[in-house]
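Peer 1: This is a predicted model, with the sequence first.
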Amino acid sequence: MSRKIPATIVTGFLGAGKTTLVRHLLAHNQGRRIALIINEFGDLGVDGDLLAACGVAGCADDDIIELANGCLCCTVADEFLPTMQALLDRADPPDHIVIETSGLALPKPLVKAFHWPEIRSRVTVDGVVAVVDSPAAAAGRFASTEEERARPDHDNPLEEVFEDQLAAADMVLLNKADLMEASDLAAFEAGLRPRLRPGVKTLPTRQSAIDPLVVLGLAAAAEDDLAARPSHHDAEDGHDHDDFESFAIRLPAVADPAALERRLIEVIAGHDILRLKGFLAIAGKDSRQVVQAVGARIERYFDRPWAIGEDRAGHLVVIGRKGLDRAAIEAAVRGKGL
C-alpha cells in the first residue's frame, strides 16, 4: 500500500502569522512539492494573492488553491473534498499538503473530514499547528473577565475560537515573541499550558520563522484521536460565523501613506476591528504596498510591481464582530488627502 500523503493544518486567530509561516515553509521546502489550500474570511483573497506573489520555489499558481468561503469547517463537502480529490488525482500529486485555515475557523471539524473514505486511505493529518499572536493573547485579547464569566448569558466567540484552535493543536508557535520581554513570554506560556493537550510542544518564533522539519513531520495522525481534541462546539451540528463579518474598501492612489496609517490606527481602536489587511496603490510608486494590521500594530511593505494593465487601486479587508458601522469606518479610512 502506498504511503499516505501528509497534510498539515495551520490554524490560529486573525493576524497571528499563519500566512507568514506558510511563506517560510515554501521558501525552505528542501525540494518537497507542497500544495497549499488557503481559506479566508471575506470576499477579497489577500493571503492567496500574497503567496502567489512570493516568488519562491514551490509557490507556483497551480499549487495554490484558494477557498474564499470564510470557513473550511462549514463547507467541507461542498468545496474542500472536491479540492482534495483534485489534488490527489493529479499525475504528479504533492509530497505534502498545507492547509491554512481562516483565522475564525475551528480546526476540529476539518480534521474530522479526513475520515471521509475518499480521503482517509490516501491522506493523513500529519499535524495541527496553531500560530498564536503572543502579545495580543497575553494582553487578554481573547479572555473574559471573571465578572463576564459569572453572567448566565455570557458568550465570548473570540475566546471560544482561540481555545478550540489550541485544543486541536499538536504544536503551538508562540509567534511575535520578539515583541515581549522574556519574563512576560514565560508567564504567558505557563498560563497557556493548561489549555493544551498533554505533550503538545510550544515554541517561540519571530515572524513565524521555524525549520520546516520541525512542523512538517509531526506524524500525529490527528484524524485518529479526535476524542482527545475537545471543542466548545462538539455538541453542535455545524458551526457558523454569525458573530463576525467582513467587508472590503476600495481606495484610490494614496498620496500620504503615513497619514493613512494614522487614520487606520484610530479607526481600528474606535471600532474594535479585529483585523485589517490588503493592498495600497501609492502615488508615484510603481509597486504595490501590502498592509497588515492587528490592533495598533501596522506593517507596510512593497511586495511586487504593478502588472501591466492591472487596476492600480487599493483594497482593504476589514474584519470584526457583527455590527460594524461600515459607513463610518469607510469614511474614517478615506479621510482627506487621498
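Peer 2: Nice, thanks for sending it over. On a predicted model such as this, the values are computed, not experimentally measured, just so you know.
Peer 1: Now do the same for the nearest residue to Leu213 once chain neighbours are set aside: helix, strand or coil?
Peer 2: Leaving aside its sequence neighbours, Leu213 sits nearest to Gln30 (C-beta to C-beta, 6 or more residues apart in numbering; 7.7 Å). Where you see a C-beta, it was placed from the backbone N, CA and C, and this is true even at glycine. Assigned state for Gln30: coil (three-state reduction, DSSP: H, G, I helix; E, B strand; the rest coil).
Peer 1: Surely Gln30 touches Asp211?
Peer 2: No - with contact defined as C-beta atoms under 8 Å, Gln30 does not reach Asp211; the gap is 9.6 Å.
Peer 1: Spell out which residues make up each domain of the chain.
Peer 2: Here the domain parsing of the chain from automatic domain parsing is 5-228, 244-334.
Peer 1: For those domains, state which one has the densest average packing.
Peer 2: Most buried of these, by mean neighbour count (mean count of other C-beta atoms under 10 Å): domain 5-228, with a mean of 19.
Peer 1: Can you name the next helix or strand after the top helix by length along the chain?
Peer 2: For the chain, the helix with the greatest residue count under DSSP state H is helix 257-271. Going down the chain from helix 257-271, the next helix or strand is strand 275-281, by DSSP states H and E.
Peer 1: between that following strand and helix 257-271, how many degrees?
Peer 2: Angle, strand 275-281 to helix 257-271, by axes from the mean of the first three to the mean of the last three C-alpha atoms, to 10 degrees: 160 degrees.
Peer 1: what stretches of the stretch 101-250 of the chain score poorly on pLDDT?
Peer 2: 143-155, 234-242 (pLDDT under 70).
Peer 1: ok so, going back, how much space separates the residue nearest to Leu213 from Ala190?
Peer 2: Counting by C-beta to C-beta, to the nearest Å, the gap from Gln30 to Ala190 is 34 Å.
Peer 1: For the one helix or strand Val132 maps to, name the packing helices and strands.
Peer 2: In this structure, Val132 is located in strand 123-133 according to DSSP H and E. Judged by 3 or more C-beta pairs under 8 Å, 6 or more residues apart in numbering; DSSP states H and E, strand 123-133 is in contact with strand 5-11, helix 18-27, helix 107-112, helix 157-167, strand 171-175.
Peer 1: I would like the residues contacting the fourth one, please.
Peer 2: Meaning helix 157-167. Residues from elsewhere that reach helix 157-167, judged by C-beta atoms under 8 Å, 6 or more residues apart in numbering: 11-13, 104-108, 130, 132, 137, 141-144, 172, 192, 195-197, 229-233, 243-244, 274, 321.
Peer 1: Can I get that helix in PDB? Just the C-alpha atoms.
Peer 2: C-alpha atoms of helix 157-167 as PDB (Å, rounded to 0.1, in the frame of the first residue of the first chain):
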ATOM      1  CA  PRO A 157     -16.900  33.800  20.500                       C
ATOM      2  CA  LEU A 158     -13.300  35.200  20.300                       C
ATOM      3  CA  GLU A 159     -12.300  33.100  23.300                       C
ATOM      4  CA  GLU A 160     -14.100  30.000  22.100                       C
ATOM      5  CA  VAL A 161     -12.400  30.100  18.700                       C
ATOM      6  CA  PHE A 162      -9.000  30.700  20.300                       C
ATOM      7  CA  GLU A 163      -9.400  27.900  22.800                       C
ATOM      8  CA  ASP A 164     -10.700  25.500  20.100                       C
ATOM      9  CA  GLN A 165      -7.600  26.200  18.000                       C
ATOM     10  CA  LEU A 166      -5.300  25.500  21.000                       C
ATOM     11  CA  ALA A 167      -7.200  22.300  22.000                       C
END
